[in-house]
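Peer 1: no sequence on this one, just coordinates:
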């Protein structure tokens, strides 16, 4: 079970017994579920036309109950829910509320990833590999504790317009002129247990990528081999450029490319791209 904000596509969830715990999005006065009731591509392409700006709200306890009940019905004994940091959302409280109702019918393991968005997705990818190896819940949670300090996400948005629209950056004449003249792109990262943090602006897309690469050099560990998750809001060209730029700088193993879900598009807009580095499981498990 994972928050829909984790950027794991619905078809991937359906294929691998992953239950998306979906954020709700208010679109022109109507609430819809993040993945199952909204077309990601259509929402992303037309996001700039939606007025007022769509807002997000927590999944209700009834949605968590539905997930738990389905798992019980299908004969599962355990659910692992690596939830997003409470610095961003308290959606886990809906799961806690639903958990009280089921009592001992199924074991629900709530695990704080201390992250959000693509960094959360990594915990699911690790769990899938460990389950394939026959590892149990205790082993998975122990591995989570060991590996999570080494996960890192950073990305760039197309422009400051979404930040102006949402009020996350105060729009004034000076700010508007500066961002347009310098072609500034907002950069943000997701450090452990701090939520999403502004990382300043880069001059143009390529200038932003240079800043991102510099930051990756500083946070990555030379003794660790990494896999990579690239996420994008309907811009495969930027995703490919970022992927190649990272690969030219460091050795990367597996690579996954996924679209960013509507709930995250609400914060970063169309044309954003993010990279998540995470230790290669096959190598890191030998250190744990």
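Peer 2: That came in fine, so what should we check first? Everything numeric here is computed off the predicted structure, so don't read it as measured data.
Peer 1: going forward, measure contacts between C-alpha atoms and count neighbours the same way
Peer 2: Will do.
Peer 1: residues of the helix or strand harbouring residue 44 that come out buried?
Peer 2: In this assignment (DSSP states H and E), residue 44 forms part of helix 40-46. Buried residues in helix 40-46, defined by neighbour count with 16 or more other Cα atoms under 10 Å: 40-41, 43-44.
Peer 1: let's have those in CSV, adding pLDDT and distance to residue 264.
Peer 2: As requested, those are exported to CSV (pLDDT from 0 to 100; distance: Cα to Cα, whole Å):
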residue, pLDDT, distance to residue 264
40, 95, 11
41, 94, 13
43, 95, 11
44, 94, 10
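Peer 1: quick check: of those residues, which lies closest to residue 148?
Peer 2: residue 40 (28.4 Å; Cα to Cα).
Peer 1: ok, the closest one touching residue 263?
Peer 2: No: counting by Cα atoms under 8 Å, residue 263 is not a contact partner of residue 40; they are 9.4 Å apart.
Peer 1: domain ranges for this protein, per the record?
Peer 2: 2-148, 152-284 (automatic domain parsing).
Peer 1: now do the first one: distance to the chain's middle.
Peer 2: Domain 2-148 has its average C-alpha position 11 Å from the chain's average C-alpha position, going by Cα atoms, centre = their mean, to the nearest Å.
Peer 1: please apply the same query to the shortest one.
Peer 2: Relative to the centre of its chain, domain 152-284 is centred 12 Å away, using Cα atoms, centre = their mean.
Peer 1: show the contacting residues for the spatially most central residue of the chain.
Peer 2: Taking Cα atoms, centre = their mean as the criterion, residue 117 is the residue nearest the geometric centre of the chain, at 1.6 Å. Residue 117 is in contact with 5-7, 84, 264, counting by Cα atoms under 8 Å, 6 or more residues apart in numbering.
Peer 1: distance to residue 236 and pLDDT added to those residues, as TSV?
Peer 2: Output for those, formatted as TSV (distance: Cα to Cα, whole Å; pLDDT from 0 to 100):
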residue	distance to residue 236	pLDDT
5	19	96
6	19	97
7	15	96
84	26	96
264	17	94
